[in-house]
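Novice: what's the 3D shape of this:
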Amino acid sequence: MPFLSRFAAPAVLSSLIASPVSAAPQDVLSGAMVSGSPRLFAFELEQPGLPANAKIAARKVLAGAGHDTLAGFSQTTTRVGPFLRYDSNLNGGVPFDTISVGGYKFLINEENVAAAGVLVGASAEMRHVRGLGNGLAFEAQGGISLGYAPTEKLQKHQAGGQACLRQKASSSLYLHGCVEATWQSVDLGDETHVAARVGLSKLFAAAGGVHEATGEVRFDRLIGSDGFTQPTASLKLLSAWENSTVTTIGVDVGKSVEDRMVMKRGVSFGVTKPIAGKLTFLEVEWQENAGGMFLGKPREDRNLSLTVTRAINERLSVSAGVFKTNSSADEFDRSGVQVGVNWRF
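Specialist: From the prediction side, this is the model:
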């Protein structure tokens, strides 16, 4: 996996896997490797029962993330590649073409109705890590995707970035603060969000696995003349198990914003594990949005989605999913499928 090649020395890890150690920590190690978290991976490498050189590998993992290294260490990685996916809303339109008011039916202008189709394009991602000393790390990430739907002759572009400070307080406790921004451009207009978030992560071993529990408080603002700010709170549990299995459980809660449709609460569950020799990720998400009025009545939406992503190799992955929205305003009820192919060079 790309995570492994960035954060650990393959020779050291090969020696660990070959070493005759107790079953429990050795089995969980493979799950920690593919978890995507250098903190969880290093924590597992420091568990009792692994050979002495596991602690050396743990220090290398944390050094690659900007912790446990001298000030001035830096590392930058970039990835680019094409994508192909089916998009159910290329132009940012509404999901209905008629509306009934007082027994009369009105047609929505065609250009304001959500257009679905195949989106092709390219994306680029960058990640930069710098060690600041004393366990403090700076991390910056950015990405952009440029897409075009040839049949509908529509463009859809997205970009985003974040910058974080991450402090290692101990081998099992980390603090972080981040600022981020996202931008999307579609036929019906642009939308820009900025956000700030702070949180902490606690690592522990229990029930035959190792776990990273993260709590965050976030303030998200929509930029523009009609912009607004919404505070949210989230809890996430990332767990590594034997047989290269990883699970995630997340809970989100948002504060109501007057006259705005915003996220009120959400839960998610994901599992990653090898199936027929290929890493496969499955995620189920449920979210409730509420706020604002539609035709004089309060509106509330409940969204459910299921997504499966399968890694063909380190550079190629495919995904497929289904989604369904049940709304208090029938016009916003919808369901559909999502499919995509992503390459990274």
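
Novice: Going by C-alpha atoms from here, please, whenever you check contacts or count neighbours.
Specialist: Noted.

Novice: Past the helix or strand where residue 63 lies, which element shows up next along the chain?
Specialist: Assigned by DSSP states H and E, residue 63 belongs to helix 53-64. Using DSSP H and E, the helix or strand that follows helix 53-64 towards the C-terminus is strand 74-87.

Novice: I'd like to know which elements that following strand is packed against.
Specialist: Using 3 or more Cα pairs under 8 Å, 6 or more residues apart in numbering; DSSP states H and E, the elements in contact with strand 74-87 are strand 117-133, strand 334-343.

Novice: how about 10 Å then?
Specialist: Judged by 3 or more Cα pairs under 10 Å, 6 or more residues apart in numbering; DSSP states H and E, the packing partners of strand 74-87 are helix 53-64, strand 117-133, strand 136-149, strand 316-327, strand 334-343.

Novice: so which of the ones you listed gets nearest residue 85?
Specialist: For residue 85, the closest of the helices and strands packed on strand 74-87 is strand 334-343, at 3.8 Å, according to Cα to Cα.

Novice: In its sheet, which strands sit next to that closest one, and in what direction?
Specialist: With DSSP bridges as the test, strand 334-343 is paired with strand 74-87 (antiparallel), strand 316-327 (antiparallel).

Novice: what would the helices and strands packed on strand 74-87 look like in TSV with mean neighbour count?
Specialist: Below are the helices and strands packed on strand 74-87 laid out as TSV (neighbours: other Cα atoms under 10 Å):
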stretch	mean neighbour count
helix 53-64	21
strand 117-133	19
strand 136-149	20
strand 316-327	17
strand 334-343	16
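
Novice: Take the ones you listed and lay them out in CSV including mean pLDDT and distance to residue 200.
Specialist: Output for those, formatted as CSV (pLDDT from 0 to 100; distance: least, Cα to Cα, whole Å):
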stretch, mean pLDDT, distance to residue 200
helix 53-64, 91, 17
strand 117-133, 96, 19
strand 136-149, 97, 14
strand 316-327, 95, 31
strand 334-343, 92, 32
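
Novice: Next up, the contacts around the closest residue to residue 98 other than its chain neighbours.
Specialist: Closest residue in space to residue 98, ignoring its immediate chain neighbours: residue 107 at 4.5 Å, by Cα to Cα, 6 or more residues apart in numbering. By Cα atoms under 10 Å, 6 or more residues apart in numbering, the contact list for residue 107 reads 96, 97, 98, 99, 100.

Novice: Sort those residues by pLDDT and name the bottom one.
Specialist: Comparing pLDDT over these, the lowest score belongs to residue 100 (74).

Novice: where's it, which helix or strand?
Specialist: Per DSSP H and E, residue 100 falls inside strand 98-101.

Novice: Not counting that strand itself, show me its contacts.
Specialist: The contact list for strand 98-101 (Cα under 10 Å, 6+ apart) reads 105, 106, 107, 108, 109, 110, 113, 295, 330, 331.

Novice: and with 7 Å instead?
Specialist: Strand 98-101 has contacts (Cα atoms under 7 Å, 6 or more residues apart in numbering) with 105, 106, 107, 108.

Novice: Kindly report the same for stretch 209-217.
Specialist: 28, 40, 44, 197-205, 232-241.

Novice: And for stretch 170-189?
Specialist: 43, 90-92, 154-168, 190-204.

Novice: Distance of the residue nearest to residue 98 relative to residue 152?
Specialist: Applying Cα to Cα, to the nearest Å, the value for residue 107 to residue 152 is 20 Å.

Novice: Same check on residue 168?
Specialist: According to Cα to Cα, residue 168 stands 49 Å off from residue 152.

Novice: Which one's more surrounded, these two?
Specialist: When residue 168 and residue 152 are compared for neighbours, residue 168 comes out ahead with 21 against 14, by other Cα atoms under 10 Å.

Novice: ok, back up a step: using CSV, lay out the strands paired with strand 334-343 together with distance to residue 65.
Specialist: As requested, the strands paired with strand 334-343 are exported to CSV (distance: least, Cα to Cα, whole Å):
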stretch, distance to residue 65
strand 74-87, 9
strand 316-327, 25
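
Novice: Ok, which of those comes nearest residue 269?
Specialist: strand 316-327 (14.5 Å).

Novice: which outside residues touch the closest one?
Specialist: By Cα under 7 Å, 6+ apart, strand 316-327 touches 300-311, 333-344.

Novice: sorry, back to before: could you flag which of the contacts of strand 98-101 are buried?
Specialist: Taking 16 or more other Cα atoms under 10 Å as the criterion, nothing in these is buried.

Novice: Which one of these is nearest to residue 68?
Specialist: residue 108 (58.7 Å).

Novice: What distance do you get for that closest one to residue 99?
Specialist: 7 Å.

Novice: quick one: the strand holding residue 100 to chain centroid distance?
Specialist: Averaging C-alpha positions (Cα atoms, centre = their mean, to the nearest Å) puts strand 98-101 37 Å from its chain's average.

Novice: Pull out the buried positions in the helix or strand hosting residue 202.
Specialist: Assigned by DSSP H and E, residue 202 falls within strand 189-206. For strand 189-206, a neighbour-count test (16+ other Cα under 10 Å) marks 192-204 as buried.

Novice: hmm, which two among those residues are most spread apart?
Specialist: Every pair of the buried residues of strand 189-206 checked by Cα to Cα; the farthest is 192 and 204, at 37.3 Å.

Novice: List the pairing partners of the strand holding residue 100 within its sheet, with orientation.
Specialist: With DSSP bridges as the test, strand 98-101 is paired with strand 104-107 (antiparallel).
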